[in-house]
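Undergrad: whatever this is, show me its structure:
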Amino acid sequence: MTPVLRTERLEFLPYRPEHEDVFVSLLRDEEVCRWMGQERVPEPAIREVFRAILTEVYPNRRFDVWGLWLSGTYVGHAEVKPTGNVDGHELVTALAPGYWGRGLGGEVVRGLLRHAAENLGLTEAYGMVGAGNTASLAMCRRLGFRHVRDVVDDDGAVTKLLVIPTTADPATPGTGKGTGTRTGAGTPAMTSVPAGAVTPDSPTGTALPPAVPEPVAAPVPPLTAPPAPAPPRTASAEPSDAKDPV
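TA: Next up is the predicted model:
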C-alpha cells in the first residue's frame, strides 16, 4: 500500500477520486507537456490515467504515486517507480509554478529518497533531466546525483540519465553544498503511515494556475500505468529558466 508521507512542509497523499480534476489540470497544461517532451494529451486520456492509478496501480501495488499537498492545497505530483532505462527505480516530481522558489522541489526529492531507502529498501534511485534544463541539472548536482549516460530520442532530443544513492548527504537548502545530514536541516524529517490511517479533508474546487514542473531532480513523464492509455513516454525536461528552488 502506498503510504502517506510527510516532510517538513508537505504531505504526500495517495490520490483519491475527488483529486481527479486537480491532477488533470496539472498534467494537461501546455507548459507541463512541453517540458515533459510530449504532445498535449486529450483530457479523456488523462482522466483514464488517473482512474488507472486508483484501479490498477494502487490495488496491484505497481508503484507509489502521490499528490503533493501544502497546507491543504494541491501543489504537485510525485512517484517512485521502476524505470525502463535501467534496472532500478526512478523518482518523479512536478510542482505548480506558484510554488517555485520555496525549496519545495528539493524537499520533495529528499522525501522520496528517504522513502526509497527506508520503506522500499532501495540503495539508489535514478532520474532523467533534459540536457538543456540547466536549473534541474544544477539541483541534481547539489543533491548528489551523478551522470550515468545520455539517452537520445528518435527526434534527437538528449536526456541525462542520473543516479543517486538513497543514503546520499543532500545539500542543505540555500547552501548549494553537500553539507546537510539525513536527520538535520538538509533532510526534512519524514514520517510514513498507512494510507488508510489518515483521512485529511480534501480541498474541493482547487484550481491550479498554469502549471509547469518545478526544476527538481529526476523529472520524467508523470505516469506510465499500463494498461491505461498514458501519455507517450519521451525524453522529459523541465524549464531551465525557472527560479532556483533550493
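Undergrad: C-alpha only now, for contacts and for neighbours.
TA: Fine.
Undergrad: quick check, Thr167 in a helix?
TA: No - according to DSSP: H, G, I helix; E, B strand; the rest coil, Thr167 belongs to no helix; its state is coil.
Undergrad: neighbours of it, how many?
TA: A count of neighbours around Thr167, defined by other Cα atoms under 10 Å, yields 17.
Undergrad: just the CA atoms of the lengthiest strand in the chain, as PDB, please.
TA: Of all the segments assigned as strand in the chain under DSSP state E, the longest by residue count is strand 73-83. Output of strand 73-83 as PDB, limited to C-alpha atoms (Å, rounded to 0.1, in the frame of the first residue of the first chain):
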ATOM      1  CA  THR A  73      -3.700  22.900  -1.300                       C
ATOM      2  CA  TYR A  74      -2.700  20.600  -4.200                       C
ATOM      3  CA  VAL A  75       0.700  21.700  -5.400                       C
ATOM      4  CA  GLY A  76       2.100  18.800  -7.500                       C
ATOM      5  CA  HIS A  77       2.700  15.200  -8.200                       C
ATOM      6  CA  ALA A  78       5.300  12.600  -7.200                       C
ATOM      7  CA  GLU A  79       6.200   8.900  -7.900                       C
ATOM      8  CA  VAL A  80       8.800   6.300  -7.200                       C
ATOM      9  CA  LYS A  81       8.600   3.600  -9.900                       C
ATOM     10  CA  PRO A  82      10.600   1.100 -11.900                       C
ATOM     11  CA  THR A  83      12.300   2.600 -14.900                       C
END
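Undergrad: strands of this protein, start to end?
TA: Per DSSP E, the chain has strands spanning 4-6, 10-13, 64-70, 73-83, 88-95, 124-130, 146-152, 158-165, 191-193. These are given in chain order.
Undergrad: good, wrapping up.
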